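# Structure, please.
(one chain, ligands or ions: 1)
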Amino acid sequence: MTPELLEAGARQREAHSAAMPPKATRSGDREAAFGRVLASGQPDFAHGVALYLEDITVSFDGFKALNQLSLTVDVGELRCIIGPNGAGKTTMMDVITGKTRPQQGSASFGANIDLLRLRENEIAQIGIGRKFQKPTVFEPLSVFENLELALKADRRARASLRAKLNSADLDRMAEVLQLTHLRRLADLQAGLLSHGQKQWLEIGMLLMQEPKLLLLDEPVAGMTDEETERTAELFLTLEGKHSLVVVEHDMSFVATLTQGFKKVTVLHEGSVLAEGRLDQVQANDKVVEVYLGR
Ligand SMILES: Nc1ncnc2c1ncn2[C@@H]1O[C@H](COP(=O)(O)OP(=O)(O)OP(=O)(O)O)[C@@H](O)[C@H]1O
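All right, here's what the predicted structure looks like:
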């Protein structure tokens with residue numbers, strides 16, 4: 001993607017938001033939902049749930065990649081999703097982000113936003129960020145410029161990439177650089193970063209857009225042990241401020257992320273096979289069979 005495309009995308013998002021049909025009850029640019037007043041187009045998290053998937057089925061030529069999948073993720077929760085190859089983890093993320101449409105089921109962001117009625121770019125705009133396995137940073141640009149682009153691509157009326165950064169923007173960038181361990185490398189060309197640093201930069205670019213829900217697909221694949229540890233630290237810092245869904249095969253990374261009583265979801269053949277603490281699901285006979293049977 002080029003800076004021009006990013007800017008065009010931001011303009012398109014702006015135009016679409018303006019054209020969105022009004023919701024049930026409106027007051028100025030705010031709408032009533034379950035008795036609370038929300039800014040227009042904002043997810044309603046009052047029930048504490050960020051993501052609801054219910055009964056989702058996706059078939060490819062009759063093969064069910066997702067088979068009546070139901071899952072909820074709480075606001076601020078860090079949820080790890082594990083499962084053998086082909087379990088449907090990527091397809092699930094594709095449904096949440098609008099890349100794949102299910103034949104059956106419902107998916108909502110907060111209590112009020114029907115994800116199945118939105119396009120991919122609209123879903124990104126309402127606060128769902130996705131990190132693919134392979135980093136896709138702009139290699140000729142510096143770390144700072146990559147963050148700047150991500151920030152400006154998210155702007156609405158002031159969407160122009162030519163707009164000057166204000167002090168709040170600079171503060172935000174400094175915070176993200178700090179979080180992602182890239183502060184000292186801000187002026188370095190992104191192409192010169194290590195694989196792990198590129199992954200952090202891409203996560204930083206998502207953070208510039210202040211997502212409410214972050215989907216992270218095998219974020220530590222190809223990272224060194226030290227980079228993996230730092231990534232775990234980063235995610236644990238983000239937990240609570242954002243909801244995170246982490247798909248990962250690296251069990252020691254999952255163990256670090258889920259210390260305490262955090263829930264892990266095991267997918268198999270497109271459905272939830274087990275859910276619970278990591279030690280509980282690892283001791284579950286059905287889970288053992290699925291993994292050993294690979
Ligand atoms: N576009 C497609 N056309 C046909 N089959 C597909 C398509 N996308 C996915 N599948 C199949 O659906 C199943 C689920 O795939 P998916 O990529 O979601 O699994 P996964 O859990 O992410 O696997 P991995 O851990 O290997 O990434 C697999 O059997 C896959 O071959």
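
# Might you report the residue contacts of the nearest residue to Phe138 once chain neighbours are set aside?
Distances taken as Cβ to Cβ, 6 or more residues apart in numbering place Asn146 nearest to Phe138, at 5.4 Å, with adjacent residues excluded. C-beta here means a position set from N, CA and C on the backbone, and glycine is covered the same way. Counting by Cβ atoms under 8 Å, 6 or more residues apart in numbering, Asn146 touches Val137, Phe138, Ala190, Leu201, Gly204, Met205.

# one more time with 6 Å, if that's ok
Val137, Phe138, Ala190, Leu201, Met205 (Cβ atoms under 6 Å, 6 or more residues apart in numbering).

# Confirm that it sits in a strand.
No. Counting by DSSP: H, G, I helix; E, B strand; the rest coil, Asn146 is not part of a strand but helix.

# Most neighbours among the contacts of Asn146, which one?
Met205 (27 neighbours; other Cβ atoms under 10 Å).

# That residue and Leu151 touch, don't they?
No. Met205 is beyond contact range of Leu151, at 8.6 Å (criterion: Cβ atoms under 6 Å).

# Residues of the stretch 51-200 of the chain that sit close to the ligand?
Phe60, Ala65, Gly83, Asn85, Gly86, Ala87, Gly88, Lys89, Thr90, Thr91 (Cβ under 6 Å from any ligand atom).

# Which of those sits closest to Thr237?
Of all these, Lys89 has the smallest distance to Thr237: 23.9 Å, by Cβ to Cβ.

# Quick check: closest non-adjacent residue to the closest one.
Val247 (4.6 Å).

# cool, Leu116 as well?
What sits nearest to Leu116 in space, not counting adjacent residues and going by Cβ to Cβ, 6+ apart, is Ala107, at 5.5 Å.

# my guess is the one you found is in a strand, correct?
Yes. Under three-state DSSP, Ala107 falls within a strand.

# For it, give me its contacts.
Taking Cβ under 6 Å, 6+ apart, one finds Leu53, Leu115, Leu116 in contact with Ala107.

# Just put those residues in TSV and tack on secondary structure.
Listed next are the contacts of Ala107 as TSV, based on three-state DSSP:
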residue	secondary structure
Leu53	strand
Leu115	helix
Leu116	helix
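
# Show me which of the residues you listed is closest to the ligand.
Leu53 (13.7 Å; Cβ to the nearest ligand atom).

# Quick check, pLDDT for the residue nearest to Phe138.
With respect to pLDDT, Asn146 scores 95.

# Same check on the one 4 residues further on?
Per-residue confidence for Ala150 comes out at a pLDDT of 89.

# Next: Ala107.
Reported pLDDT at Ala107 in the predicted model: 97.

# what do you get for Arg162?
53.

# Nearest spatial neighbour of Gln189, chain-adjacent residues omitted?
Using Cβ to Cβ, 6+ apart, the nearest residue to Gln189 is Ser142, at 5.9 Å.

# likewise Glu269?
Spatial nearest neighbour of Glu269, chain neighbours left out: Asn67 (6.3 Å); criterion: Cβ to Cβ, 6+ apart.
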